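Just to be clear, the model below is a prediction. Sequence and coordinates:
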Amino acid sequence: MENLVSRFARNKMKKPVLTILITIVLIVVILEVLSKSQKCKTPDCFYPCNNFSTILPGPRDPDLIRLQQKRLAGEKISKQEYRLIAEKLILEKDPELMGCYNGVVCGESGFVRKDLPSNAKIFVKRHELEHLLQTGEERNSEFAANLAAGREYPLGFLQTIFFSIWNRAKYYDSPVCYIISLWKTFKVYFLP
Ligand SMILES: [Zn+2]
């Protein structure tokens with residue numbers, strides 16, 4: 001009897017799971033077909049590093065070198081330690097200088113939009129610091145930076161996602177092109 005009940009429960013569970021899976025696959029297929037077929041113009045969004053060329057190239061910060069050595073030696077680094085160095089090295093800049101970027105690494109320097117909500121800002125600072133610490137062996141450096149920063153600042157991660165979705169809409173004249181751009185961004189930042 002118990003077996004019969006659990007089998008019934010299992011079968012009842014299968015249907016919604018299958019429906020969700022089929023829906024996800026359909027959405028992915030539609031997004032991929034749209035990405036290939038739609039002609040969307042590149043958004044008018046400059047690369048911010050040109051704005052900061054006067055302070056490049058900079059020497060590698062001694063704190064950054066120390067942190068990198070600790071990582072390579074496999075020593076544990078606390079969230080606070082990362083935060084202190086992110087606050088020191090990732091500089092806040094006016095949004096007009098940042099194009100449509102929340103944060104960026106230019107050579108040995110990192111920058112973040114000054115007007116980001118506070119949780120998002122510390123997430124982005126940690127994300128950019130991670131880029132400065134990366135060895136180049138990461139399969140997807142954006143995913144790796146998101147993973148490192150998102151683990152420490154999950155709320156900031158969510159805030160950054162919502163801020164970006166809201167903030168970038170103005171760069172696209174068609175909603176379809178905007179959705180395609182979100183899909184492309186998702187693939188870069190969220191798939192390993
Ligand atoms: Zn990044």
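Great, that's in hand.

low-scoring pLDDT stretches of the chain, where are they?
Residues of the chain meeting the criterion pLDDT under 70: 1-6, 8-9, 53-58.

Break it into its domains for me.
Taking automatic domain parsing as the domain assignment, the ranges for the chain are 1-37, 48-190.

most neighbours per residue, which of the ones you listed?
Here the criterion is mean neighbour count by mean count of other Cβ atoms under 10 Å, and of the domains of the chain the winner is domain 48-190, at a mean of 16. Where you see a C-beta, it was placed from the backbone N, CA and C, and this is true even at glycine.

residue boundaries of the helices in the protein?
Using DSSP state H, the helices of the chain run over 2-37, 62-72, 79-89, 118-133, 141-152, 154-168, 175-190.

Does the third one pack against any helices or strands, and if so which?
I take that to be helix 79-89. If you count contacts as 3 or more Cβ pairs under 8 Å, 6 or more residues apart in numbering; DSSP states H and E, helix 79-89 packs onto helix 62-72, helix 118-133.

Quick one, which of those helices gets closest to the ion.
Closest to the ion of the helices and strands packed on helix 79-89, according to Cβ to the ion: helix 118-133, at 5.5 Å.

Now tell me what touches that closest one from outside.
Contacting residues not belonging to helix 118-133 are listed as 64, 67-68, 71, 82-83, 85-87, 89-90, 92, 102-105, 108, 110-113, 116, 141, 144-146, 148-150, 152-153, 155-157, 159-160, 163 [Cβ atoms under 8 Å, 6 or more residues apart in numbering].

Save the helices and strands packed on helix 79-89 as JSON lines, and put in distance to residue 184 too.
Shown next, in JSON lines, are the helices and strands packed on helix 79-89 (distance: least, Cβ to Cβ, whole Å):
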{"stretch": "helix 62-72", "distance to residue 184": "30"}
{"stretch": "helix 118-133", "distance to residue 184": "18"}
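
returning to what we had before: overlap between the contacts of helix 118-133 and the residues near the ion?
For the ion, the contacts drawn from these by Cβ under 5 Å from the ion are residue 145.

Contact partners for residue 105?
Residues counted as contacts of residue 105 (Cβ under 8 Å, 6+ apart) are 111, 128, 131-132.

I'd like the distance between it and residue 35.
The spacing between residue 105 and residue 35, counted by Cβ to Cβ, to the nearest Å, is 27 Å.

Same check on residue 181?
Applying Cβ to Cβ to residue 181 and residue 35 gives a distance of 9 Å.
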